[in-house]
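>>> Provide a 3D model corresponding to the input given below.
(chains A, B, C, D and E)
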Amino acid sequence: MKLVQKRSKKTGLPPGTLVHIGERKSEHVTVTVFCYSTTSCKELQVEQVDQLSPPADESMIWINVGGVHKVEMVETLGKQFSLHPLLLEDVTNTDQRPKLDDYEAYIFLVMKMLSLTGRKDIAVEQVSFVLGKNYVISFQENGTDVFQPVRERLRGGKGRLRQSGADYLLYALVDAIVDQYFAVLELSGEQIEAVQQAVVDDPKPETLNEIHALKRQLLFVRRAVWPLRDVMTSLSRSDCPFLQHPTKVFFRDVYDHVVQIVDTIEILREMVSASLDIYLSSVSYRLNAIMRVLTVITTIFMPLSFIASIYGMNFEYMPELRSPWGYPLVLGVMAAVGVGMLVLFRNKRWL
Amino acid sequence: MKLVQKRSKKTGLPPGTLVHIGERKSEHVTVTVFCYSTTSCKELQVEQVDQLSPPADESMIWINVGGVHKVEMVETLGKQFSLHPLLLEDVTNTDQRPKLDDYEAYIFLVMKMLSLTGRKDIAVEQVSFVLGKNYVISFQENGTDVFQPVRERLRGGKGRLRQSGADYLLYALVDAIVDQYFAVLELSGEQIEAVQQAVVDDPKPETLNEIHALKRQLLFVRRAVWPLRDVMTSLSRSDCPFLQHPTKVFFRDVYDHVVQIVDTIEILREMVSASLDIYLSSVSYRLNAIMRVLTVITTIFMPLSFIASIYGMNFEYMPELRSPWGYPLVLGVMAAVGVGMLVLFRNKRWL
Amino acid sequence: MKLVQKRSKKTGLPPGTLVHIGERKSEHVTVTVFCYSTTSCKELQVEQVDQLSPPADESMIWINVGGVHKVEMVETLGKQFSLHPLLLEDVTNTDQRPKLDDYEAYIFLVMKMLSLTGRKDIAVEQVSFVLGKNYVISFQENGTDVFQPVRERLRGGKGRLRQSGADYLLYALVDAIVDQYFAVLELSGEQIEAVQQAVVDDPKPETLNEIHALKRQLLFVRRAVWPLRDVMTSLSRSDCPFLQHPTKVFFRDVYDHVVQIVDTIEILREMVSASLDIYLSSVSYRLNAIMRVLTVITTIFMPLSFIASIYGMNFEYMPELRSPWGYPLVLGVMAAVGVGMLVLFRNKRWL
Amino acid sequence: MKLVQKRSKKTGLPPGTLVHIGERKSEHVTVTVFCYSTTSCKELQVEQVDQLSPPADESMIWINVGGVHKVEMVETLGKQFSLHPLLLEDVTNTDQRPKLDDYEAYIFLVMKMLSLTGRKDIAVEQVSFVLGKNYVISFQENGTDVFQPVRERLRGGKGRLRQSGADYLLYALVDAIVDQYFAVLELSGEQIEAVQQAVVDDPKPETLNEIHALKRQLLFVRRAVWPLRDVMTSLSRSDCPFLQHPTKVFFRDVYDHVVQIVDTIEILREMVSASLDIYLSSVSYRLNAIMRVLTVITTIFMPLSFIASIYGMNFEYMPELRSPWGYPLVLGVMAAVGVGMLVLFRNKRWL
Amino acid sequence: MKLVQKRSKKTGLPPGTLVHIGERKSEHVTVTVFCYSTTSCKELQVEQVDQLSPPADESMIWINVGGVHKVEMVETLGKQFSLHPLLLEDVTNTDQRPKLDDYEAYIFLVMKMLSLTGRKDIAVEQVSFVLGKNYVISFQENGTDVFQPVRERLRGGKGRLRQSGADYLLYALVDAIVDQYFAVLELSGEQIEAVQQAVVDDPKPETLNEIHALKRQLLFVRRAVWPLRDVMTSLSRSDCPFLQHPTKVFFRDVYDHVVQIVDTIEILREMVSASLDIYLSSVSYRLNAIMRVLTVITTIFMPLSFIASIYGMNFEYMPELRSPWGYPLVLGVMAAVGVGMLVLFRNKRWL
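Model prediction:
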């Protein structure tokens, strides 16, 4: 997750010029097309998109483009479906903020998909949707796939999916992405609880790095989710003609999920901050405790050494030195002083 | 109280599929039914819900379902009362945020019930309500019961309860839950005052853990209560036909309570933060004071040992060593230096 | 000032049941009645309230109830003036948040009265008002009286008070309470300036406790004043028929005062926070300075003792030991080293 | 700048009673009157205000009252221009918050004038304006004058001032006050940059006091400026009949200035906070560096003294003591140990 | 970047007096004029602006003034295009906040241009635009040029630019400025990542200064960008007659960019704060670790020296001194004690 993506190659170009901004994982772009109606469902993978167009009859079409770095392909598709150049620009620039643009003939929706890569990391990927009267086009930045369950339901033909319009398909896809957020938060939650345990049990500098990595991770997740609240509100209240009322109820449900996720992110952020506080005070407490013990030891030996150095003086008239009891007595006094101080410091709980 | 609840088993399922998300305390589900009118009140416990339906006459019905992990039961009930699948999904997923959904034919309300478990812990439990024209269905996550006083009033038949509509029953149930919040805050208030005493009297690392536990607890309470403000505002201003004006006045009263609770939570949170500050500065002050005392002791013995080591030197011509007054004089000087430094440090309040 | 008031005895009771929540200072309840018109003013103290009712003619009536723990009295009065049970409940529960409820036939206003008890403490007391067409009923939690000047003006008959309606009387009473806030803030301001002086001159752990006590006190004052802003805005814009336009101008003036008080509270809170910062850095600076001085002393004696211990070695062939100048020379070197280090540390401002 | 001004002498008085609240600098009150029209401009200083009244013809009048502690004068003026008693009360109470009150027949505007006193301090002074159809009355708390340029322009008769109505005169006066704010911020900016230099170069406890003084100063400036945003918005959108559209454009310009000032204050506040952070970490870094150096010195002498004390032991059979190379060898070992540790600590950058 | 710009020379002048506020880089002012229509494009550089005026025919004119310190030139231009004096004042005062003023006959837009100077610094420069029916006037504070690509497009005649009205030209210029912001944020992002690495690897006091410089830099960027959100919203929703709907779509796109930039700035600010936290705890950890090691060394030598000083005592009857095994035994005990403590401290991870 880079802090700021490179956009320099775009500077100075006229608006609407398509330039891919972002990382690419593979060269290949997969285009999957689903043509379906209440009664049938045809599925095909295409290499060229210049044959695709909005269906003339009552059937629905869903085009999923897995990878946006081939800008000519996006451009051709845009021409076929008469999409606005700015929309296509937003599709290829993968550092967009989640948003909803209403272009009257179609709705344009940008979201961020979060997915778990390996055990600890979260990948952020841009997914854009164009919803027309009877088509949905989805653009995935890297082709990481979370839409498999939706495809299964389309193929199976059960449930509302085939019976409803393109708006319900959009809902199903959006819902699949939002469901992923919960999985990501579950992971973050577990990591935070592990860190909370670690800061109490054995705080180390690495723990600090982990805390800051979690903080940063939550910041990225928050940036991806936060603007979705407004997007979902707009969707559930939109007066766009091909967003039907029953589907809006479903988008309100997604809105509820998003609010719940935002709430959870805030809680997790507070937990991370609390961990940081506990870490810092815990580390400082331990260091201080060590110093205290060391200083107590030094302090106990100071008077003992002093007594020894007194009887190391070379005065001729030091009567104690002559006495046969001098040595054992002094040793006894030293032991008494040492033990006395030890007991005193223990009682004061300094040791 | 887990930070994030497991939702993974729901990922990829079509919306409206009922899956129980949450913990279950007991296997058994208690369903209590109250049929009442101004003049009569019938009470029964049922095992099967497929005989229940909205009453056809003027009487009211209240169905209380204690436990939502038997999703088929929730589904059957939903069919009997023609409830929306998303509503039923929200009932079984117990990590909902408090909210109010208006489905026109009925109102759906989700709340969090707080209850004290043992002396220190707070349990959060989801309670959902469906309010129809002449019925109320309440779903309790675990069947912890706080509705006993409402049942007594229904049986007794005194007061407004039997005279008013289903909306007033809903108010009575909501009020019973909100009343619990006050009890929880009383406990938190007492715990915080105990901690405030502890950080001043005897700050220990355990105190720090307690402070953070309180902080976390208040965070959970706040999450449960905060969204209720909007919910209660909506209820007291709703233009839903079966929410009558006199009842709305009562919901405005609940709103006042909720605002008061939110205020109190904020005060308590500030108190906890202050405790944290006092703890940290208090701990650091004590540690520093100990180090200061130890270092003062060391510092006093430094010149004394130095004097002794001077007269431990083996020079042949050290006239003091020959003098019979040498030894007592040096002892005197040492005593003078030691006592002098002691007095000096005491005067400067370093000791 | 308790963090959270005990409400447990109210849990489970039907709404509208009057239970006194709060502390009571004296058993006795004083009820003062003022019947006045432009030309006359009658004043009496009553024991029973069942004879009181809204005046039928053009005259005004002001009933002041000093103490709300006798719930039957409140109940009787409520019956006489047909007040809503929830209103009476709010009167007897003295942990209400300031608020304004419009019951159409009358307006209900809850405020917090702040008064100085002794030199350092602030007492918070609830005062509720019912404003009808030609009556004002005021309920004081404990009967601490700040309305004396208003009574004097009523008796004197000068000024607007007797010429205007019940709404102007309500304004006069509210204004008397808000005037008290300024006195309380004056005291807080003085305490804060004393603390600010103390943290610079002589920071002690007690100063820290004082800072936190001030912080807490301001938190309570803020809680009492903050909601008044909305209340006063509502009053000055209310379309209630018995709140006349000229009086609304006066409520706008009270609004200005409340905003000014809120502003001042925020300034004071920032001052208290700044004091805390100064205290902490000042304490830490002093402790560090002491440690530095002590360590410098130790450090100066280390090389001196080392030199002495060299000449305390018992080698047979140490030519310096034989020289008659050995001893004074070594003493001179020691003095030079000691003074040199002292000068060095002083120059570096370490001492 | 006192935190809270004394208002106690006002407590209990009926509203509209004029009492001066604030400090007075001189006893004398200067009243300057400008009568002007497009063609003429008459200027006079008066002692009594009972001859002044709104002009009956087309000419304009500007009355400037320099000092508000003579409440009878304010009262007389109020009677002559039929001003509301609450307005006069606000004029004499100089702890008002900036605000705009529309009394229909006239507009009342309260502002705070900031001026530099000496090199470091900022004086806050209240200026109130009454704008009528063809008059402006300005009340200055202490008579510090910033209106000289406006007077010159009135006398000169050039520019819009004499051609426009009273509303443009009000704008010119308000603009003169807001221009002063920039001068004050310039000073604060310079002070902050000086402090920022100081915390890096030579952090001292006095620097800390300076930082907190700057913080407090900005708090006061902010309190004076912040509410002006709303005031200027109201003025530039007012539908008051004697505020003409062209003048509103000028008030929008003042609004822009105020927003710019508020922005700058926020930046300055962040700079001050950053200075505080740098100060604290810088002080702590220096103290720690000193302690580290001192401790390194102590640590180097520990093994040296230990070696010396070994050969100070009085065992009969210590062969080294007999060897003629013993002494120089031990001195060599000591030098090697000392230099070795020195090099080691230097390499580790501990010294 | 000065905190507050000098405005003192403006104090007291009548509004609309043109005074240049800001720095000037070169004396010379470049005025470039583009007259273009769908079919033609004429480009010229002029020295005098008194011949310029809004075109009478269908063609468009774009006047770019590179430098605003020659106030007479700005004044002349203002007269030719009948611009409001306040507008011209805002053009010459280069400390304006970004804003949009609608003067009905034309729109006035102020923005801040950010550009990179050298490797580390960001220059802020004011650019103002006047958009009339068929003209755009742009004023650049210092003539740093970012409009070259727009000029190329005008000359080339391809794309929308020559086909569209003056509003689209304004969009192209604004877009060029906003594109620069991304470049600036890229640089900041890289600097912050470098600092994040530095605080972990090798925290030095200079790193702290760098962190605070970055913080300050982001503060300035934020101040330049933040108000643009409202400006762009206004532009994309304006009902001004010469802002056509298709161009508003483009301004909505700029709005999206601005929001994205604001988001990124917030993220970067949080990153800088996190770096500060890590720096402080890292520095404190290192210092403490050093002190701990040093103190451990001291503590190990304390008992060793004590043992040596015991056998340095001069008692006559110390049987050990006579034994030939005394010396090696004592050396052995010392070694055992020293190694034992070393092992103990290592096990406890204190060393």
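
>>> show the contacting residues for A:H28.
The contact partners of A:H28, taken as CB atoms under 8 Å, 6 or more residues apart in numbering or on different chains, are A:G67. Yep, even glycine has a C-beta here, placed from its N, CA and C like the rest.

>>> tell me the secondary structure at it.
coil (DSSP: H, G, I helix; E, B strand; the rest coil).

>>> any figure for the gap between it and E:E270?
As judged by CB to CB, to the nearest Å, A:H28 and E:E270 stand 37 Å apart.

>>> and the helix ranked longest in chain A, how far out from the chain's middle?
Assignment by DSSP state H gives helix A:245-310 as the longest helix of chain A. Its chain's C-alpha centre and that of helix A:245-310 lie 21 Å apart, by CA atoms, centre = their mean, to the nearest Å.

>>> does that helix come close to chain B?
Yes - Helix A:245-310 is in contact with chain B by CB under 8 Å from any CB of the partner chain, via A:249-250, A:252-253, A:256, A:259-260, A:263-264, A:267-268, A:270-271, A:274, A:277-278, A:281-282, A:284-285, A:288, A:291-292, A:295-296, A:298-299, A:302-303, A:305-306, A:309-310.

>>> which other residues reach the worst-scoring helix or strand of chain A on mean pLDDT?
In chain A, no helix or strand scores lower on mean pLDDT, DSSP states H and E than helix A:319-322, which sits at a mean of 83. For helix A:319-322, the external contacting residues (CB under 8 Å, 6+ apart) are A:311, A:326, A:329-330, E:314-316.

>>> is chain E contacted by the helix or strand that comes right after it?
Sequence order places helix A:326-347 as the next helix or strand after helix A:319-322, per DSSP states H and E. Yes - legend: contact between helix A:326-347 and chain E by CB under 8 Å from any CB is shown at A:326-327, A:330-331, A:334.

>>> could you dump those to TSV with distance to D:K133?
Listed next are the residues of helix A:326-347 next to chain E as TSV, based on distance: CB to CB, whole Å:
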residue	distance to D:K133
A:G326	110
A:Y327	110
A:V330	104
A:L331	105
A:M334	100
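
>>> just to revisit the earlier point, give me the mean pLDDT for the longest helix of chain A.
What helix A:245-310 shows for mean pLDDT is 88.

>>> any part of that helix near chain E?
Yes - with CB under 8 Å from any CB as the measure, helix A:245-310 is seen reaching chain E through A:276, A:280, A:283-284, A:287, A:290-291, A:294-295, A:297-298, A:301, A:304-305, A:308-309.

>>> now do that helix against helix E:245-310, angle only.
On the basis of axes from the mean of the first three to the mean of the last three CA atoms, to 10 degrees, helix A:245-310 is oriented at 20 degrees to helix E:245-310.

>>> doesn't A:V68 fall inside a strand?
No - using three-state DSSP, the secondary structure at A:V68 is coil, not a strand.

>>> contact partners for it?
For A:V68, counting by CB under 8 Å, 6+ apart, the contacting residues are A:20, A:22, A:29, A:74, A:91-92, A:94, A:126, A:139-141.

>>> coming back round to it: buried sites along the least confident helix or strand of chain A?
Across helix A:319-322, burial judged by 16 or more other CB atoms under 10 Å in any protein chain shown covers A:320-321.

>>> try stretch A:106-124
A:106-115, A:122-124.

>>> ditto for stretch A:221-233
Of all the residues in stretch A:221-233, those buried under the rule 16+ other CB under 10 Å are A:221-228, A:231-233.

>>> same thing with stretch A:19-34?
Within stretch A:19-34, the residues scored as buried using 16+ other CB under 10 Å are A:20-22, A:24, A:29, A:31-34.

>>> C-alpha coordinates for it, CSV please?
Provided in CSV are the C-alpha atoms of stretch A:19-34 (Å, rounded to 0.1, in the frame of the first residue of the first chain):
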residue,chain,number,x,y,z
VAL,A,19,-3.7,6.5,-19.0
HIS,A,20,-3.4,3.6,-16.6
ILE,A,21,-2.4,4.6,-13.1
GLY,A,22,-1.7,1.8,-10.6
GLU,A,23,0.2,-1.5,-10.4
ARG,A,24,-0.5,-4.4,-12.7
LYS,A,25,-0.2,-7.9,-11.5
SER,A,26,-0.5,-9.8,-14.7
GLU,A,27,-0.4,-8.8,-18.4
HIS,A,28,-3.6,-10.7,-19.3
VAL,A,29,-7.1,-9.2,-19.1
THR,A,30,-10.0,-11.6,-18.6
VAL,A,31,-13.4,-10.4,-19.9
THR,A,32,-16.3,-12.5,-18.8
VAL,A,33,-19.8,-11.9,-20.2
PHE,A,34,-23.1,-13.2,-18.8
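
>>> what does the stretch 101-250 of chain A have sitting close to chain E?
A:101, A:205, A:208-209, A:212, A:215-216, A:219, A:223.

>>> keep only those of those residues that are in strands.
Among these, the residues falling in strands (DSSP state E) are A:D101.
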